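J.: how would this look folded up:
(2 chains)
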Number of protein chains: 2
Amino acid sequence: MSLPCKTILASTIAKPFTEEVENGVSQLGRKPRLVGFLANNDPAAKMYADWTGKTSESLGFEYDLRVLDKEDLEEAIVTANNDDEVDGMMVYFPVFGPGQDSYIQQLMSPDKDVEGLSHIFIKNLYHNVRFLDAPEDRQKSILPCTPLAIVKILEHLGVYNAVLPYGNRLYGKTVTVVNRSEIVGRPLAALLANDGAIVYSCDITGIQKFTRGEGLSLKRHNVEDVKDMDIQKCAAVSDVIITGVPSASYKFPTEWVRYGAVCINFSSEKNFDPSVKERAALYVPSIGKVTISMLLRNLLRLINNKVIRQEEIKEKEAKKAKVEE
Amino acid sequence: MSLPCKTILASTIAKPFTEEVENGVSQLGRKPRLVGFLANNDPAAKMYADWTGKTSESLGFEYDLRVLDKEDLEEAIVTANNDDEVDGMMVYFPVFGPGQDSYIQQLMSPDKDVEGLSHIFIKNLYHNVRFLDAPEDRQKSILPCTPLAIVKILEHLGVYNAVLPYGNRLYGKTVTVVNRSEIVGRPLAALLANDGAIVYSCDITGIQKFTRGEGLSLKRHNVEDVKDMDIQKCAAVSDVIITGVPSASYKFPTEWVRYGAVCINFSSEKNFDPSVKERAALYVPSIGKVTISMLLRNLLRLINNKVIRQEEIKEKEAKKAKVEE
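T.: Sure thing, here's the model as predicted:
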């Protein structure tokens, strides 16, 4: 008998978003320009840069890869921040190392940060704030690409229940996330908990539980340390297991996966053994193509926010003029 | 803060099915005739009979209520079985009592049994056989109205995951059913387990677990007695709780319901306290309107099966004639 697991490829999930992005570009009537800064000699970064270029150009964007010495990176970012010809930008990390790279990341103007890692975006994510311009609430806050890609994947897989009200669509679901990096794992746990899930966030330092409280009593998630559970116990109660361990030797033990679970791997390494299909109902072995479509979607959103921002300024000026009349 | 629970009314869920039934009748080009036999003095049965009549007539059916003495019921059914003017029929039970009522039920021709309680239909349900005419598989087996209504409700509520292959769409879901009657609870548990769920079927005699085995290894469900769990423990691991206790005093304890669970009551009494909304994500307080739309849908299906049956007979005769040529 064949296994009941269905493997879903990132290309399948990305399809409606690449179409959305293509339509967005054609409505815009010009080629949005994405600048990539490559300031290391990492062949993986070079590969990712080439792949971003290929995808973005195929969808109607202009991709401008700037290969440079790391000493010139800071000034190049400042120049691009002030260059009206640049719509969005990203740096291929690592360049200097965690501390300084984080400084470099924050140097990019949030108005051009396609990866959605600027402090203001991450802060909004943690606080479950979805717009940049309260109380107008028209400029959408940008979400970091990889966590956003995973949300879109969970929507595609039917884990988000569209019958529930927007903002609570993971109510009743339990998720284990193996990775608590600042770039993906921690914002992802917060994002899923803000949408109503119970999330067990696991890394080598231990397990944290992200929830909006019993009966979703809180407006945003709360975090507590969990002492009496290990990853196996988390998996035993989880509808979804998401892995992001950057190690070729790491494998999530198949026997820990609940029968009928949804398994998603966002690591560039394969964190699940193929035997996971003996237990999972749905398996997404990699997510890169969804992530890149979110990157380009974010770029269009940044452009749209800019238009709204200018409208809002005009409206305010008009109001002011009327009061002064 | 308002509770995150959404109450969904049976009328909302029934709507696409009443439309489907109306369209089916208008395509048929004649009024299908449903006969109801009322042979008791139960006011609840009378009310249900009137309500069936009102609904079926409003959707384009002809409803023929035959009020009679119970001594005349058997002969009246035999007559209706052989009457080409009668498309479907049902008896308003109880009439004699469980044993003899079951005999009466089986007396109706399966070709006219709108409630789907004929032995052949129930046997097919338990064996996960979905057609009446293997190997052609064109005449769909009829499913009993109330279990079928609950399946349609679970589809509406997003519990069936349409991303999973047909037949496995409850894989990964756990359901508690409080009622194991032969009319609803037991066939319902089997139906949901056949679709991939783990089902805890509870009544006063104890708890049974219906599953298709680990990793859905079986083609149809298996039943085992569960000794180490009570209803509270079943509820604690259940995504869905379905109640059908015919008692005004019975209430499923709200504190047993998992936060974010789906709660459905098919009893004519309210088995959940209104406080269930403090814990459930979705709550369906009654299901009658969905059940009646399934009754009429079954009637159209019986008519359609008859057409297919006649086609199949013609095709076989044509084949036979060709061989003999």
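J.: Next, count neighbours for the closest residue to residue A:282 other than its chain neighbours.
T.: Spatial nearest neighbour of residue A:282, excluding adjacent residues (C-beta to C-beta, 6 or more residues apart in numbering or on different chains): residue A:262 at 4.6 Å. For the C-beta atoms, the positions are set from N, CA and C on the backbone; glycine is no exception. Using other C-beta atoms under 10 Å in any protein chain shown as the criterion, residue A:262 is surrounded by 27 other residues.
J.: beta partners for residue A:262?
T.: Listed by DSSP bridges, the beta-bridge partners for residue A:262 are residue A:240, residue A:282.
J.: For chain A, list the residues in contact with chain B, please.
T.: A:1, A:3-4, A:6, A:8, A:156-158, A:161-165, A:168, A:171-173, A:196, A:214-217, A:219, A:239, A:258-262, A:278-279, A:281-282 (C-beta under 8 Å from any C-beta of the partner chain).
J.: Quick one: buried ones out of those residues?
T.: Under a neighbour-count criterion of 16 or more other C-beta atoms under 10 Å in any protein chain shown, the subset of the residues of chain A next to chain B counted as buried comprises A:4, A:6, A:8, A:156-158, A:161, A:164, A:168, A:171-173, A:196, A:215-216, A:239, A:258-262, A:278-279, A:281-282.
J.: Narrow these to those in helices?
T.: residue A:156 (DSSP state H).
J.: Identify each of the strands in the stretch 51-200 of chain A and give its residue range.
T.: Across the stretch 51-200 of chain A, reading from the start of the chain, the strands by DSSP state E, counting those that start in this stretch fall at A:62-67, A:88-91, A:174-178, A:198-203.
J.: Packing partners of the last one?
T.: Using 3 or more C-beta pairs under 8 Å, 6 or more residues apart in numbering or on different chains; DSSP states H and E as the contact criterion, the secondary-structure elements in contact with strand A:198-203 are strand A:174-178, helix A:185-194, strand A:206-211, helix A:231-236.
J.: nearest to residue B:314, of these?
T.: Ranking the helices and strands packed on strand A:198-203 by their distance to residue B:314 (criterion: C-beta to C-beta) puts strand A:174-178 first, at 55.2 Å.
J.: quick one, what contacts the nearest residue to residue A:4 once chain neighbours are set aside?
T.: In this structure, residue A:4 finds its nearest non-sequential neighbour in residue B:216, 4.5 Å apart by C-beta to C-beta, 6+ apart. By C-beta atoms under 8 Å, 6 or more residues apart in numbering or on different chains, the residues touching residue B:216 are A:4, A:259, B:168, B:171, B:196.
J.: coming back round to it: ranking the strands of the stretch 51-200 of chain A by burial, who's on top?
T.: For those, the largest average neighbour count (mean count of other C-beta atoms under 10 Å in any protein chain shown) is found in strand A:174-178, namely a mean of 27.
J.: model confidence over that one, on average?
T.: The pLDDT scores in strand A:174-178 average 98.
J.: could you check the angle strand A:206-211 makes with that strand?
T.: Using axes from the mean of the first three to the mean of the last three C-alpha atoms, to 10 degrees, the direction of strand A:174-178 lies 140 degrees away from that of strand A:206-211.
J.: Can you tell me what sits against strand A:174-178?
T.: Here strand A:174-178 makes contact (C-beta under 8 Å, 6+ apart) with A:185, A:188-189, A:192, A:197-203, A:231, A:234-235, A:237-245, A:252, A:271.
J.: Tell me how far the closest residue to residue A:277 other than its chain neighbours lies from residue A:275.
T.: Spatially, and ignoring its direct neighbours in sequence, residue A:277 is nearest to residue A:5 (3.9 Å; C-beta to C-beta, 6+ apart). Residue A:5 sits at a distance of 10 Å from residue A:275 (criterion: C-beta to C-beta, to the nearest Å).
J.: How about residue A:133?
T.: 49 Å.
J.: now swap in residue A:290 and tell me
T.: With the distance defined as C-beta to C-beta, residue A:290 ends up 24 Å from residue A:275.
J.: The two: which has the busier surroundings?
T.: residue A:290 (29 against 14).
J.: show me what contacts the more buried one?
T.: Counting by C-beta under 8 Å, 6+ apart, residue A:290 touches A:10, A:13, A:14, A:17, A:149, A:152, A:153.
J.: ok, the residues you listed vs residue A:47, which is closest?
T.: If you rank those by distance to residue A:47 using C-beta to C-beta, residue A:10 comes first, at 16.2 Å.
J.: what residues are up against that closest one?
T.: The contact partners of residue A:10, taken as C-beta under 8 Å, 6+ apart, are A:153, A:284, A:286, A:287, A:288, A:289, A:290.
J.: do the same with residue A:152
T.: The contact partners of residue A:152, taken as C-beta under 8 Å, 6+ apart, are A:13, A:17, A:290, A:294.
J.: what do you get for residue A:160?
T.: The neighbours of residue A:160, taking C-beta under 8 Å, 6+ apart as the test, are A:151, A:154, A:169, A:170, A:195.
J.: Go again with 7 Å.
T.: Taking C-beta atoms under 7 Å, 6 or more residues apart in numbering or on different chains as the definition of contact, the neighbours of residue A:160 are A:154, A:169, A:170.
J.: follow-up on the earlier one: show me which of the contacts of residue A:152 are buried.
T.: Buried residues within the contacts of residue A:152, defined by neighbour count using 16+ other C-beta under 10 Å: A:13, A:17, A:290, A:294.
J.: Can you find the helix or strand in chain A with the smallest mean pLDDT?
T.: None of the helices or strands of chain A scores lower by mean pLDDT, DSSP states H and E than helix A:98-107, at a mean of 91.
J.: ok, and what's touching that one?
T.: Residues outside helix A:98-107 that contact it (C-beta under 7 Å, 6+ apart) are A:73, A:74, A:77, A:91, A:93, A:94, A:95, A:117, A:118, A:119.
J.: let's see it at 10 Å
T.: Applying C-beta atoms under 10 Å, 6 or more residues apart in numbering or on different chains, the contact partners of helix A:98-107 are A:37, A:39, A:70, A:73-74, A:77-78, A:81, A:90-91, A:93-96, A:113, A:115, A:117-120, A:182-183.
J.: Now, of these, which are buried?
T.: Among these, those classed as buried by neighbour count (16+ other C-beta under 10 Å) are A:37, A:39, A:73, A:77, A:90-91, A:93, A:95, A:113, A:115, A:117-118, A:183.
J.: So which of these sit within helices?
T.: Using DSSP H, the buried ones among the contacts of helix A:98-107 in helices are A:73, A:77.
J.: would you list the buried ones among the contacts of helix A:98-107 in a markdown table and tack on pLDDT?
T.: Written out in a markdown table, the entries for the buried ones among the contacts of helix A:98-107 read as follows (pLDDT from 0 to 100):
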| residue | pLDDT |
| --- | --- |
| A:37 | 97 |
| A:39 | 96 |
| A:73 | 97 |
| A:77 | 97 |
| A:90 | 97 |
| A:91 | 96 |
| A:93 | 91 |
| A:95 | 93 |
| A:113 | 97 |
| A:115 | 96 |
| A:117 | 94 |
| A:118 | 95 |
| A:183 | 89 |
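J.: about what we covered before: quick one: closest of the strands of the stretch 51-200 of chain A to residue B:225.
T.: Distances from residue B:225 to each of the strands of the stretch 51-200 of chain A were compared by C-beta to C-beta, and the smallest falls on strand A:174-178, at 27.8 Å.
J.: quick one, that closest one and strand A:198-203 angle?
T.: Taking the same axes, to 10 degrees, one finds strand A:174-178 and strand A:198-203 inclined to each other by 10 degrees.
J.: How about the stretch 101-250 of chain A: which residue is closest to chain B?
T.: For the stretch 101-250 of chain A, the residue closest to chain B is residue A:172, as judged by C-beta to the nearest C-beta, at 2.4 Å.
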